[in-house]
Each structure stands twice: as C-alpha cells, then as structure tokens.
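Asks: I need the structure of the sequence given here:
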Amino acid sequence: MENRYDIHPIPPEPSRLPSRKLPDASVQPLGGWGEIGLSLCPGLQSGDGSGESRQCCLGEDLVRIRDWGAALILTLTEPHELSTSGSERLASGSGRLGMQWRHLPVRDRYPPGPAFEDGWQAVAGEIGALLRTGRRVLVHSIGGFGRAGTVAACLLVESGMGPEQAVECVRMAHPRAIDNALQEWYVWNYRPCLR
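Replies: Purely as a prediction, here's the structure:
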C-alpha cells in the first residue's frame with residue numbers, strides 16, 4: 001500500500017527495555033508541519049496482548065519521548081487514571097526534561113467533551129504553533145488509540161486535511177485508532193479553531 005500521508009514508523013531505539021518504544025505510531029500533518037506521536041500513557045507498558053497494561057518506569061519513558069524530539073506532551077486521561085496508572089508525576093517529569101505538558105481530560109471510550117473543549121482552543125494554538133515550526137508533539141491516552149487517535153485526527157484537520165482523510169491517516173498509523181463511532185463522528189464534525 002502506498003504511503004500517501006507520509007506516515008513514519010518509529011525506529012526502535014537502543015534501550016535497556018527493548019520491548020518499549022515511544023511513541024507507538026506517528027502521523028505528519030499537511031503543509032510541512034511537524035509530527036504527531038500517538039502513545040499509551042507514559043509509565044505504562046502494554047501487557048501480553050490481553051489488552052491489559054502494567055506499570056513500567058515513567059522516567060525512562062519520558063527520556064524516550066524527549067529523545068524522540070517531543071516539545072509538548074498532551075495528556076488526555078482523566079485525573080483518576082493518572083493516579084491509578086502511577087503516572088501522576090508526568091507534569092513535573094516532563095518539565096524537568098524540557099518538555100511542555102498539557103492536560104485536557106477526555107472520558108475513556110468517548111469523544112472530547114466540555115472539560116476538553118474548555119481548554120482546547122488555547123492548547124490547539126500552542127500545538128499548532130509548534131507543529132508549524134516542524135516540532136513534534138506526543139498525544140496520549142491510557143491505551144493510545146481511542147482518545148489519542150481522535151485528537152490526533154483533529155490536529156490533522158487543523159493542518160488542512162479533510163476529516164475522512166484524517167481518520168484514514170491516523171488508522172493507517174495505528175489500526176485501532178479512533179475506536180468507536182462516537183469518536184469518528186467527532187472528527188467528522190470537528191471545526192478547526194486555528195484558521
């Protein structure tokens with residue numbers, strides 16, 4: 001299949017934990033913008049294929065994200081998910097490594113709602129400014145495909161891509177992305193706020 005959207009597989013990095021790479025996938029917006037990485041929650045590691053995740057080392061994950069070149073990490077998990085995943089130190093750890101951190105919670109398995117949308121325009125402006133200058137941004141949720149894929153597709157729409165193309169692009173990078181009809185509907189009806 002032709003790689004029409006300039007999707008880049010993330011090369012494995014040398015590490016003491018060779019089974020873990022961050023981000024899990026990435027997409028590149030139109031117009032020479034930077035790159036959007038998709039990932040499960042830093043500090044978690046996919047389990048044995050059962051759909052379960054387990055805690056790993058948050059610090060090592062943040063170093064991998066920094067080494068990938070992320071200027072900003074956008075966290076979409078709800079506050080209780082951060083504490084139960086052991087990732088409540090994500091904000092301070094990101095800052096210590098020179099990365100910005102933003103938190104816009106979205107309920108698991110749902111599209112963005114009021115808590116997200118209240119802060120989205122400001123955060124989208126920051127992310128857009130970074131991407132337009134060729135920088136990289138990591139978007140994550142707990143699993144890294146439903147909420148993260150939905151918001152990544154919205155960022156692709158911000159870059160000028162149509163909603164259908166944005167959904168297809170994100171799903172080519174991560175086949176389980178945008179994992180239900182509500183999330184897909186959100187992307188299809190998303191109205192860019194940066195133009």
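Asks: From now on I want contacts and neighbour counts done on CA atoms only, so please keep to that.
Replies: Fine.
Asks: ranges for the strands of the protein?
Replies: 25-27, 35-39, 44-46, 53-55, 70-75, 100-103, 136-140 (DSSP state E).
Asks: which stretch in these has the least confidence?
Replies: Note on these: strand 53-55 shows the lowest mean pLDDT, a mean of 51.
Asks: Format the strands of the chain as JSON lines; extra columns: distance to A115 and mean neighbour count.
Replies: Output for the strands of the chain, formatted as JSON lines (distance: least, Cα to Cα, whole Å; neighbours: other Cα atoms under 10 Å):
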{"stretch": "strand 25-27", "distance to A115": "25", "mean neighbour count": "25"}
{"stretch": "strand 35-39", "distance to A115": "21", "mean neighbour count": "26"}
{"stretch": "strand 44-46", "distance to A115": "24", "mean neighbour count": "20"}
{"stretch": "strand 53-55", "distance to A115": "26", "mean neighbour count": "15"}
{"stretch": "strand 70-75", "distance to A115": "13", "mean neighbour count": "23"}
{"stretch": "strand 100-103", "distance to A115": "10", "mean neighbour count": "18"}
{"stretch": "strand 136-140", "distance to A115": "16", "mean neighbour count": "27"}
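Asks: Out of those, which gets nearest to H174?
Replies: strand 25-27 (6.2 Å; Cα to Cα).
Asks: Can you tell me the strand partners of that closest one and which way each runs?
Replies: With DSSP bridges as the test, strand 25-27 is paired with strand 35-39 (antiparallel).
Asks: Pipe the strands of the chain into JSON lines and attach distance to V187 per row.
Replies: Formatted as JSON lines, the strands of the chain follow (distance: least, Cα to Cα, whole Å):
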{"stretch": "strand 25-27", "distance to V187": "16"}
{"stretch": "strand 35-39", "distance to V187": "16"}
{"stretch": "strand 44-46", "distance to V187": "26"}
{"stretch": "strand 53-55", "distance to V187": "27"}
{"stretch": "strand 70-75", "distance to V187": "18"}
{"stretch": "strand 100-103", "distance to V187": "20"}
{"stretch": "strand 136-140", "distance to V187": "16"}
